[in-house]
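[1] how does the following fold in three dimensions:
(2 chains)
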Amino acid sequence: MSDPNPNDSWHRWIAECGAAFLLYARQRARSEEDARDLVQDAVTESWQRSNGNVPDKALVFATIRRRAIDLARATDSRARRENQSALAHPPWFEPDFAASDTRDTIAAALRDLPDDQREVVSLRLWGDLSFPEIATITGVPAPTAASRYRAAIDRLRIALSPAFA
Amino acid sequence: MNDPFDDFEARLRSARPAALPPELKTRLSSPPALPNRRRRIIPFLAALSALSAAAAAWIVSTHHHNSPPPPDSNLPLVAESRASRVTNLRPVGVVSDNHQRLWRLVEVAWVDADSLVSSPDSLAVISHQHHRAIVPVAITFE
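    Numbers count the residues shown, from 1 in each chain, chains lettered A, B, ... in the order given. Below you'll find the model as predicted:
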């Protein structure tokens, strides 16, 4: 059954989760434009599959991931290199004038993580997903997802200790 | 399995993901239209209709290939005719081939009604033979 007021539900949902979806899409996509397209396509597909009800967050993250993989397969290597350079510019986190250096440092430290660790950290911290949900999305056992997360947090702890001191 | 976030993790989480750019906000300003279910059903019904025609044609052609030899001249003359009629179509399942194309397997049931009418005294005999076969039908979803 559809939500009685799908417009309200939609706007609340996008306002609440849209930024986390875009953060994840930016980490999976090869250009800012691709990331925005991924978010739009994934939320549209998930909304329709849920018959106009607010979809499960894990479903949207999984859809972004699947579509990003499909997109990457369809992109030739030359375009890939061009797009990678374009990805460096958009900020990953909200600017905080009291701690702008810290935000940039966090983004840089995240970029330095291996892809599989960055993905787990992003889904756990900003996607607010459980390890079983992350395991389903990434296609690994839940203990593997948890150990990747722990390894990533350890690396981030070292990388960010000067900024967080 | 999920431990609570420690101070360091909580501090990381306090970095809020960047807000949606205005351009993307505009693109997401209203919920998408829900797909019309009838649009998904129509291709399937069209495939079933095509299947009916194909099955009828196949049955008729099979019948012509298997026509009995001319009767012995000593036997009484009879006029023979056959009418084939599809009686049921039942989707069985969907399978994919090596090229990832989808095929729907459909069970087709049909009846061959054979009429024999003897020559001088017009005695008519009608026999019904029921058949069943699984036929693959190519399908394309939206």
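[2] name the helix or strand for the most centrally placed residue in chain A, please.
    The centre of chain A sits closest to A:Y24, judged by Cα atoms, centre = their mean, with a distance of 1.1 Å. Secondary structure assignment for A:Y24, by DSSP states H and E: helix A:6-28.
[3] doesn't A:T63 make contact with the residue nearest to the centre of chain A?
    No - taking contacts as Cβ atoms under 8 Å, A:Y24 lies outside contact range of A:T63: 10.7 Å. To be clear about C-beta, it is placed using only N, CA and C from the backbone, and glycine gets the same treatment.
[4] if we can go back for a sec, so what's the closest residue in space to the residue nearest to the centre of chain A that isn't next to it in sequence up against?
    Leaving aside its sequence neighbours, A:Y24 sits nearest to A:S122 (Cβ to Cβ, 6 or more residues apart in numbering or on different chains; 5.4 Å). The contact partners of A:S122, by Cβ atoms under 8 Å, 6 or more residues apart in numbering or on different chains, come to A:L23, A:Y24, A:Q27, A:L110.
[5] report the mean per-residue pLDDT for the biggest strand by length in chain B.
    Ranked by residue count, the top strand of chain B under DSSP state E comes out as strand B:78-96. In this model, strand B:78-96 carries a mean pLDDT of 81.
[6] so how far is it off the chain centroid?
    From the chain centre to the centre of strand B:78-96 is a distance of 13 Å (Cα atoms, centre = their mean, to the nearest Å).
[7] show me what from chain B comes close to chain A.
    Counting by Cβ under 8 Å from any Cβ of the partner chain, chain B comes close to chain A at B:1-2, B:5, B:8-9, B:11-13, B:15-21, B:23-25, B:27-28, B:30-32, B:34-35.
[8] can you rerun that using 7 Å?
    B:1-2, B:8-9, B:11-13, B:15-20, B:24, B:27-28, B:30-32, B:34-35 (Cβ under 7 Å from any Cβ of the partner chain).
[9] which ones among those map onto helices?
    B:F8, B:E9, B:R11, B:L12, B:R13, B:L24, B:R27 (DSSP state H).
[10] got the residues you listed as JSON lines, with distance to A:D128 and pLDDT columns?
    JSON lines is the format used below for these (distance: Cβ to Cβ, whole Å; pLDDT from 0 to 100):
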{"residue": "B:F8", "distance to A:D128": "17", "pLDDT": "91"}
{"residue": "B:E9", "distance to A:D128": "12", "pLDDT": "92"}
{"residue": "B:R11", "distance to A:D128": "16", "pLDDT": "89"}
{"residue": "B:L12", "distance to A:D128": "13", "pLDDT": "91"}
{"residue": "B:R13", "distance to A:D128": "9", "pLDDT": "91"}
{"residue": "B:L24", "distance to A:D128": "21", "pLDDT": "94"}
{"residue": "B:R27", "distance to A:D128": "24", "pLDDT": "93"}
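[11] can I get the residues you listed in JSON lines including distance to B:L116 and neighbour count?
    What follows is those, written out as JSON lines (distance: Cβ to Cβ, whole Å; neighbours: other Cβ atoms under 10 Å in any protein chain shown):
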{"residue": "B:F8", "distance to B:L116": "91", "neighbour count": "14"}
{"residue": "B:E9", "distance to B:L116": "86", "neighbour count": "18"}
{"residue": "B:R11", "distance to B:L116": "92", "neighbour count": "16"}
{"residue": "B:L12", "distance to B:L116": "87", "neighbour count": "21"}
{"residue": "B:R13", "distance to B:L116": "85", "neighbour count": "13"}
{"residue": "B:L24", "distance to B:L116": "75", "neighbour count": "21"}
{"residue": "B:R27", "distance to B:L116": "71", "neighbour count": "16"}
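[12] next, give phi and psi for B:L34.
    phi -80, psi 140 (degrees, to the nearest 10).
[13] and for it, the neighbour number?
    Per other Cβ atoms under 10 Å in any protein chain shown, the neighbour tally for B:L34 reads 14.
[14] quick one: pLDDT of it?
    Listed pLDDT for B:L34 reads 82.
[15] and what of B:S61?
    Reported pLDDT for B:S61: 65.
[16] try A:P162
    81.
[17] is there any residue in the helix or strand containing it that contacts chain B?
    Assigned by DSSP H and E, A:P162 belongs to helix A:142-164. Yes - applying Cβ under 7 Å from any Cβ, one finds helix A:142-164 touching chain B at A:A142, A:A146, A:I153, A:L156, A:R157, A:F164.
[18] verify the contact between the first one and A:E133 for me.
    This points to A:A142. No - applying Cβ atoms under 7 Å as the test, A:A142 and A:E133 come out as separate, 8.9 Å apart.
[19] and the strands in chain B?
    B:78-96, B:102-118, B:124-138.
[20] most packed of these?
    strand B:102-118 (a mean of 16; mean count of other Cβ atoms under 10 Å in any protein chain shown).
[21] give me the helix or strand of chain B that scores worst on average pLDDT.
    helix B:37-65 (a mean of 66; mean pLDDT, DSSP states H and E).
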